[in-house]
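Undergrad: Please work out how this folds:
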Amino acid sequence: MHFYKLDPYQRRELLKEKGIKLVKIEPEKLARLNQLSENVIGEIDLPLGVVQDVVVNNKSYLVPMAVEEPSVVAAANHGAKVFAKNGGSHVVSKREGIYGQIVLKVDQAFSLEKLAKDFPYYVSLANKEFASLVNHGGGVKEITGEIKGDLVYLKVLVDPAQAMGANKTNSILEFLSNKLVRLPHVREKMFAILSNYPSQFATVKVELTVASVGGMQVAKKIALLSKIGYQDPYRAVTNNKGIMNGVDSILIATGNDYRSVEAACGVFASKSGKYRSLSKWEVVDDKLIGSLTLPLALGVVGGSINSRSDIQQAYSILGEQVSSELLASLIVTVGLANNFAALHAISTKGIQAGHMKLQARNLVANLDASSVEKSKVLKEIIKLKHYSQAQAQEILEKVRKQEEDK
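TA: From the prediction side, this is the model:
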């Protein structure tokens, strides 16, 4: 029998027979996970942390982050705290929809101009077929097209309402393409599928007093680092990675497709023809002004969001009636907060010091020791600034010897 046709328990047994060590998992949980994915044999846990006091458009929120790297959560909290002291962020979130593509192969007699006159008809036809989406505030908004040789490229803009909308958009595209392929002079359908090209944007802006970031010298260095990130792709990609640390962590916590957002952000960072930093920082008078625009095609309903208790926990943290626009506003703000924290660290004490202190926690967590012993080891590691598992074990042995000598 094919592996995918086995139940998850049979798959686990096969892997165990090959000498693979699997973590124990409750049968009920394994059965539930098997409904969410393919070839399921277990799960990967991620810590769920919280960013406190994320002030967006004059309202404060708690924001969940699912990530295994403590410095990401610490940086987000640091940045959000500085933002909050300065009145928080101001965000504009525009959710126009998702682009889908239908590409048709045609003969020389095909007229795109003639087809374009019928675009409103096809919009109406699709919205009638997918009335449930229209009833939720979404639907097909427009169809545009261009012809290149013997290929016609149709671009369909779909408003997915409050859902991510990938499956619904693909269904709409299949429906429309099946109608269009029957037209005279259309030879065949090449494909009909959504595009992850940027189409839904959130823009955040913060104005920080120079004093709140450590003085004019620090502010100017942050602005210079930002300028370098705009000019140098080596700096830009690392800068953007820091932004995505915060973005991806929230997307994962809220059950969104972080892969599509990552892809869209990569394209957006290259929109000028050169890969650049997504954020911008500049000093104006006595203010450090930061801004960031991100393409954020996301949702708060649909997919596995409603069926996963761990994801619903994250929405409970966010508060009642979280819209996709609000979620995008929170995500872009935290992305800029992570970016600020990284640039601020580079401009002051250096980024590695904070990273290593937090890394020490991971070293200590791996020790076979009591919570009291771990606490003592952690303090000593940070004091000595020697960050290795061997060092942690050596300090633990010294701690235990000291206790024996008492």
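Undergrad: Ramachandran coordinates for the closest residue to Ser111 other than its chain neighbours?
TA: Counting by CB to CB, 6 or more residues apart in numbering, Ser111 lies nearest to His185, which is 7.8 Å off, once chain neighbours are set aside. Yep, even glycine has a C-beta here, placed from its N, CA and C like the rest. The phi and psi values for His185, taken as degrees, to the nearest 10, are phi 70, psi 10.
Undergrad: Look up how far Lys114 lies from His185.
TA: Distance, His185 to Lys114, using CB to CB, to the nearest Å: 10 Å.
Undergrad: Of those two, give the one with the bigger neighbour count.
TA: Neighbours were counted for His185 and for Lys114 using other CB atoms under 10 Å; His185 has more, 14 against 11.
Undergrad: Please name the residues that touch that one.
TA: Val106, Asp107, Ala109, Phe110, Ser111 (CB atoms under 8 Å, 6 or more residues apart in numbering).
Undergrad: Go again with 6 Å.
TA: His185 is in contact with Val106, Asp107, Ala109, Phe110, counting by CB atoms under 6 Å, 6 or more residues apart in numbering.
Undergrad: Just the ones in helices from those, please.
TA: Among those, DSSP state H puts none in helices.
Undergrad: May I ask which two of these are separated the most?
TA: The most widely separated members of the contacts of His185, counting by CB to CB, are Val106 and Ala109 (8.3 Å).
Undergrad: got the contact list for the helix or strand encompassing Gly242?
TA: Using DSSP states H and E, the element containing Gly242 is helix 233-253. Here helix 233-253 makes contact (CB under 6 Å, 6+ apart) with 64-67, 72, 76, 228-229, 258, 261, 269, 275-278, 314, 331, 334-335, 338-339, 342.
Undergrad: out of the residues you listed, which are inside helices?
TA: Taking DSSP H, the ones among those that sit in helices are 72, 76, 228-229, 258, 261, 269, 314, 331, 334-335, 338-339, 342.
Undergrad: mind listing what's buried in stretch 28-48?
TA: By 16 or more other CB atoms under 10 Å, the buried positions in stretch 28-48 come out as Leu30, Leu33, Asn34, Val40, Ile41, Leu48.
Undergrad: Need those residues in a markdown table (columns: distance to Gln321 and pLDDT).
TA: Output for those, formatted as a markdown table (distance: CB to CB, whole Å; pLDDT from 0 to 100):
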| residue | distance to Gln321 | pLDDT |
| --- | --- | --- |
| Leu30 | 33 | 93 |
| Leu33 | 29 | 92 |
| Asn34 | 32 | 93 |
| Val40 | 33 | 96 |
| Ile41 | 37 | 95 |
| Leu48 | 21 | 97 |
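Undergrad: Dihedrals phi and psi, the closest residue to Ala163 other than its chain neighbours?
TA: Leaving aside its sequence neighbours, Ala163 sits nearest to Gly302 (CB to CB, 6+ apart; 3.6 Å). Main-chain torsions, Gly302, degrees, to the nearest 10: phi 90, psi 180.
Undergrad: Then Ser316?
TA: When read as degrees, to the nearest 10, the backbone of Ser316 gives phi -60, psi -40.
Undergrad: With Lys374 instead?
TA: phi -60, psi -40.
Undergrad: returning to that earlier point: which of the buried residues of stretch 28-48 fall in helices?
TA: Of the buried residues of stretch 28-48, the ones assigned to helices by DSSP H are Leu30, Leu33, Asn34.
Undergrad: quick one: contacts for the first one?
TA: When you say that, I think you mean Leu30. Leu30 neighbours (CB under 6 Å, 6+ apart): Pro8.
Undergrad: Could you shift the numbering so residue one becomes 21, and keep it that way?
TA: Understood, numbering begins at 21; the last thing we discussed is Leu50.
Undergrad: Which residue lies nearest the spatial centre of this structure?
TA: Asp268 (2.9 Å; CA atoms, centre = their mean).
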